[in-house]
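**Q** Could you look at this predicted model? Sequence included:
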Amino acid sequence: MFSRSLTSLGSLAFVFSLFVSGAHAEGKGFLETIHRHRTLASTSPGNGDLNPYAIVVVPRDMGILHKNDVLVTNFNNINNLQGTGTTIVAYSPQTKNISVFANLPPNLSACPGGIGLTTALTVLKSGWVVVGSAPSKDGSTRTRGEGCMLVLDATGKLVTTWKGPDISSPWGDIASRDNGDTASIFVSMSGFDLPGPNVLDPKTHYPPILQKATVVRFDLSIPHDGPPVVDHQTVVAKGFSARADRDNYLFGPTGLALDDDGTLYVTDGYDNEVTAVDDALHRTTPVTRQNDAVGRLITKGKLLNWPLAMMWVPGHHLLVANGRNGQVVEIDPSQKKQIYAQWVDNDQAQQPPGNGDLFGLAMTPDNKGFYYVEDDMNTLNLSTP
């Protein structure tokens, strides 16, 4: 997804960020326990797919998957065209090997536009794998298809697809409340009316910003003898910023994290903020943009630098991956405070270091470390104490 041509923040901003990210808040945050970062495996399979996006840890043995396996989607094909990746790979912590879990047909007719697997990925307790597709024919939004949600069984076989007017470029992390025989999953949609990156706003000379991106809740029933069925489909938030981009395909809301009380937290990358959607599990009407935010504003700017994937970490804090540098940022949502940032990718080939490299995040099963990808190197990585 990312290009090394992303705008540099400059040396002064880099020095300032290094200073701030080393600052300690009161009390010990999760990131302050993390000291080691190492590469585990290449995420590029035999067909040459590139650009790893989503990371999900398998909850139990199912099909050809084993408990604690790590699934990773690829968004680009061997020609490095965005929106054309068709594979999900599985990393085994036991064997240290990567295998192909699923390889989908690139021109799948059941999915409008074909296949380009995004960071919208989850593994349900019932054994079904749900993944989003935001496809393209030429690697840009000029030939973008509306995409779909795909449902695979635990052997990697495609079983069904979901598509319709509320589904357009399923993009961000899937947050879920999974009860086994029922589940509610949340997916951000970022493609509505996006033109190609060659269409420019005459005032800014950049592609226009459209505040049409949404978050959709899918309420599922899961029979014993078949795939999940969508009982209800509800837009719970709308008005997030989205924009086509030549180097990065598109900008749109990416990170989703559901709290125990039903509050859904969302990273709005273009607006550089994290917001909260109250009562996301039960609301029947969407929250909309008010005062430059969709939902309640939790935090904006500062250490955030195009926030992407987001997940819960110990201390009931949120961890966010930055898209424009190699940092992850820890946030206390109850206090609306950014606590700490750490460089997990300090690759000096980019300015600032790690610019454009990070995307997916997932906690390790022992809750002491986390997985992340470096999509310039096509690797799965691990951070630990």
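**A** Ah, there it is.
**Q** Quick check: next helix or strand after the helix or strand bottoming out on mean pLDDT in the chain?
**A** Least confident helix or strand of the chain, by mean pLDDT, DSSP states H and E, is helix 11-21 with a mean of 37. Proceeding N to C from helix 11-21, the next assigned helix or strand is strand 36-42, under DSSP states H and E.
**Q** Quickly run through the sheet partners of that next one, with directions.
**A** Sheet pairing for strand 36-42, assigned by DSSP bridges, gives strand 379-384 (antiparallel).
**Q** Can you list the buried residues in the partner strand?
**A** In terms of neighbour count (16 or more other C-beta atoms under 10 Å), strand 379-384 has its buried residues at 379, 380, 381, 382, 383. Bear in mind the C-beta positions are built from the backbone N, C-alpha and C, glycine included.
**Q** do stretch 85-98 as well
**A** For stretch 85-98, using 16+ other C-beta under 10 Å, the buried residues are 85, 86, 87, 88, 89, 90, 91, 92, 93, 98.
**Q** Equivalent analysis for stretch 178-194, please.
**A** For stretch 178-194, a neighbour-count test (16+ other C-beta under 10 Å) marks 178, 183, 184, 185, 186, 187, 188, 189, 190, 191, 192, 194 as buried.
**Q** What is the end-to-end distance of it?
**A** One end of stretch 178-194 sits 32 Å from the other (C-alpha to C-alpha, to the nearest Å).
**Q** likewise stretch 367-381?
**A** From its first residue to its last, stretch 367-381 covers 16 Å (C-alpha to C-alpha).
**Q** Off-centre distance for it?
**A** From the chain centre to the centre of stretch 367-381 is a distance of 13 Å (C-alpha atoms, centre = their mean, to the nearest Å).
**Q** Quickly name whichever of the buried residues of stretch 178-194 is closest to residue 367.
**A** Closest approach between the buried residues of stretch 178-194 and residue 367, by C-beta to C-beta: residue 178, at 17.9 Å.
**Q** would you put the C-alpha positions of the longest strand along the chain in CSV?
**A** Using DSSP state E, we find that the single longest strand of the chain is strand 229-245. The C-alpha trace of strand 229-245 is given here as CSV (Å, rounded to 0.1, in the frame of the first residue of the first chain):
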residue,chain,number,x,y,z
VAL,A,229,-26.1,-15.6,7.9
VAL,A,230,-26.5,-11.8,8.0
ASP,A,231,-29.7,-11.1,10.0
HIS,A,232,-29.2,-7.4,10.2
GLN,A,233,-26.9,-4.9,8.6
THR,A,234,-26.7,-1.4,10.1
VAL,A,235,-24.6,1.7,9.4
VAL,A,236,-23.5,2.8,12.9
ALA,A,237,-21.3,5.7,11.9
LYS,A,238,-20.9,7.8,8.7
GLY,A,239,-19.0,10.8,7.6
PHE,A,240,-15.4,9.7,8.1
SER,A,241,-12.9,11.2,5.7
ALA,A,242,-11.8,9.2,2.6
ARG,A,243,-9.5,10.1,-0.3
ALA,A,244,-8.0,8.4,-3.3
ASP,A,245,-4.2,8.4,-3.4
